[in-house]
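Asker: sequence and predicted structure are below.
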Amino acid sequence: MCVICDEVEPTTLLEQLISHGILIDTGIDGIYGRSGVFEDVIARFEDLVTRTGATGANPMSPEVMRFPPAMNRFHFERSGYMKSFPQLAGTIHSFMGDDRGHFDLLEKLSNNEDWTGQQKTTGVVLTPAACYTLYPIVAKRGPLKAEGALFDLQSYCFRHEPSKDPARMQMFRMREFVRFGKPKQVQEFRAGWLENGETMMKKLGVPIHVDLANDPFFGRSGRMLKNNQRDQGLKFEMLIPIESEEKPTACLSFNYHQDHFGTTWGLIDADGETAHTACVGFGLERVALALFKHHGFDVEAWPKAVRKALWQ
Amino acid sequence: MKSTIRDILAKHGRLPAPVEGLSDDADLHAAGLTSFGSVEVMMALEEAFGIEFPDRMLNRRNFSSISAIEQAVMTVQAEEAA
């Protein structure tokens, strides 16, 4: 309790972030406005990621691509996302009725009834992960060169999982480097980022821990996919405690897809074989939240070394 | 039982080569059985044999060969009968 102003100090991290003006409440869990301070931290971290990539973590200069946070529905369907994560997908629907339908819709709205019955699926869905847009584009270009390929992506992504945990947003940004090539090329890329990513994150003065992980595959079939992913060491995450000490949050992920996307999209390497892919993903909001959690809400007061790493 | 397993693999396993060419002990993952393929095989096995694999048995090892699948099905059948 604040004695002077007689207000209760917020206790949860989300409430504190909102009361300090770092995030802006919209009335929906997981959908927040971002303050200038928050955005500056994200921009500085992105710059650190770019620099780390350019100074040895990336095997070549990446081709930069940016897409809006929506993707081609047919590409989304072919990607197999609905097989694995139907519970997280966000599909875009619009009204496609006539005058009569419009009248019905307005009547239902004014009566507080469900008005969405006439909404029809559009050609677009919300992007679930930054790299999903990329694979069909690379496949269309034809066989890879001998050295493979590397892309630099960043996109807002959507996952339907409303939560009071500020680190589990419904719309968040993911920065990604995606490597295409021979199994050895993409495995080396992932191994390199596991090492360089750890060095990079240590500069930020937050407690980190790298662990074997799995994606949140849906249902009983998902149990099998989770076990397989773990057995084969296909996913590692860099975890930082944000909302909870016991259950730290995955802020970076290091994924080897084997030939999953190569087979799905007909990606071919220089020798005519199915290409393998790997990616390193940076959860931008999560990293920013980890920094606010561990260094406080006043960025000017963050430790000197951390400020130097970010603001140079 | 092995012939039922072979039928299921042919229908749901999405293997690049015919199942007839594989021995009972051949490595199915090496033969091209993917994670998604093994999920579909698992579902079809459950329906064909009227069983439900416990979570702990949903792993690559139990779906690594025709013999391994047979062994896994028999283990579940024995547990469910007990």
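Answerer: Great, that's in hand.

Asker: what pLDDT does the model give the spatially most central residue of chain A?
Answerer: Centroid-nearest residue in chain A: A:Met174, 3.5 Å away (criterion: CA atoms, centre = their mean). In this model, A:Met174 is scored at 98, pLDDT.

Asker: what average pLDDT does the lengthiest helix in chain A get?
Answerer: In chain A, taking DSSP state H as the definition, the longest helix is helix A:183-202. Mean per-residue pLDDT for helix A:183-202: 97.

Asker: which other helices and strands contact the helix or strand where A:Phe103 lies?
Answerer: Following DSSP states H and E, one finds A:Phe103 within helix A:99-110. With contacts taken as 3 or more CB pairs under 8 Å, 6 or more residues apart in numbering or on different chains; DSSP states H and E, helix A:99-110 sits against strand A:91-95. All C-beta spots, glycine's among them, are computed from the backbone N, C-alpha and C.

Asker: run through who's touching the strand it packs on.
Answerer: With CB atoms under 8 Å, 6 or more residues apart in numbering or on different chains as the test, strand A:91-95 has contacts from A:70, A:73, A:101-102, A:105, A:116, A:118-122, A:124-126.

Asker: any quick ChimeraX command for the buried ones out of the residues you listed?
Answerer: Burial among the contacts of strand A:91-95 is assessed by 16 or more other CB atoms under 10 Å in any protein chain shown; the matching ChimeraX selection reads:
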select /A:70,105,118,124,125,126
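
Asker: strands - which of the contacts of strand A:91-95 land there?
Answerer: Assigned to strands by DSSP state E, the following of these qualify: A:70, A:119-122, A:124-126.

Asker: may I see the residues you listed arranged in CSV, with distance to A:Glu46 and pLDDT as well?
Answerer: Shown next, in CSV, are the ones in strands among the contacts of strand A:91-95 (distance: CB to CB, whole Å; pLDDT from 0 to 100):
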residue, distance to A:Glu46, pLDDT
A:Ala70, 21, 98
A:Gln119, 35, 95
A:Lys120, 37, 96
A:Thr121, 33, 96
A:Thr122, 30, 97
A:Val124, 26, 98
A:Val125, 25, 98
A:Leu126, 21, 98
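
Asker: which of these lies closest to chain B?
Answerer: Chain B lies nearest to A:Val125 out of the ones in strands among the contacts of strand A:91-95, by CB to the nearest CB, at 20.1 Å.

Asker: helix, strand, or coil at the residue at minimal distance from the centre of chain B?
Answerer: Residue closest to the average C-alpha location in chain B (CA atoms, centre = their mean): B:Ile69, at 4.2 Å. What DSSP: H, G, I helix; E, B strand; the rest coil gives for B:Ile69 is helix.

Asker: excluding chain neighbours, what is closest to it?
Answerer: Spatial nearest neighbour of B:Ile69, chain neighbours left out: B:Ile5 (5.2 Å); criterion: CB to CB, 6 or more residues apart in numbering or on different chains.

Asker: model confidence score at the one you found, please.
Answerer: On the pLDDT scale, B:Ile5 gets 95.

Asker: next, give phi and psi for B:Ser23.
Answerer: Torsion angles at B:Ser23 (phi, psi; degrees, to the nearest 10) stand at phi -80, psi 170.

Asker: got a list of what it touches?
Answerer: Neighbouring residues of B:Ser23 by CB under 8 Å, 6+ apart: B:Ile66.

Asker: what's the answer for the one 10 residues further on, then?
Answerer: Contacts for B:Leu33 were tallied using CB under 8 Å, 6+ apart; they are B:9, B:13-15, B:41, B:63.

Asker: still on that earlier bit, the helix holding A:Phe103 vs strand A:91-95, what angle?
Answerer: Counting by axes from the mean of the first three to the mean of the last three CA atoms, to 10 degrees, helix A:99-110 points 110 degrees away from the direction of strand A:91-95.

Asker: which residues belonging to helix A:99-110 are considered buried?
Answerer: A:Leu105.

Asker: and what of stretch A:125-143?
Answerer: For stretch A:125-143, the neighbour count (16+ other CB under 10 Å) marks A:125-136, A:138-139 as buried.

Asker: which residues in the chain form helices?
Answerer: Answering for chain A, as no chain was given. Assigned by DSSP H, the helices in chain A fall at A:13-19, A:36-52, A:73-79, A:81-84, A:99-110, A:134-140, A:183-202, A:219-231, A:260-265, A:284-295, A:304-311.

Asker: nope, chain B
Answerer: Per DSSP H, chain B carries helices over the ranges B:2-12, B:35-49, B:66-81.

Asker: buried deepest among these, which one?
Answerer: Highest mean neighbour count among the helices of chain B (mean count of other CB atoms under 10 Å in any protein chain shown): helix B:35-49, with a mean of 19.

Asker: that one close to chain A?
Answerer: Yes - using CB under 8 Å from any CB of the partner chain, helix B:35-49 reaches chain A at B:35-36, B:38-39, B:42-43.

Asker: helices or strands up against that helix?
Answerer: Identification of packing neighbours for helix B:35-49 by 3+ CB pairs under 8 Å, 6+ apart yields helix A:219-231, helix B:2-12, helix B:66-81.

Asker: how about the CA coordinates for that helix, as CSV?
Answerer: Extracted in CSV, the C-alpha atoms of helix B:35-49 (Å, rounded to 0.1, in the frame of the first residue of the first chain):
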residue,chain,number,x,y,z
SER,B,35,6.8,-38.3,-37.3
PHE,B,36,3.5,-37.4,-38.9
GLY,B,37,3.4,-40.8,-40.7
SER,B,38,4.0,-42.6,-37.4
VAL,B,39,1.1,-40.6,-35.8
GLU,B,40,-1.3,-41.8,-38.5
VAL,B,41,0.0,-45.4,-38.2
MET,B,42,-0.5,-45.1,-34.4
MET,B,43,-4.1,-44.0,-34.8
ALA,B,44,-4.9,-46.7,-37.4
LEU,B,45,-3.3,-49.4,-35.1
GLU,B,46,-5.5,-48.2,-32.2
GLU,B,47,-8.6,-48.5,-34.3
ALA,B,48,-7.7,-51.9,-35.9
PHE,B,49,-6.7,-53.6,-32.6
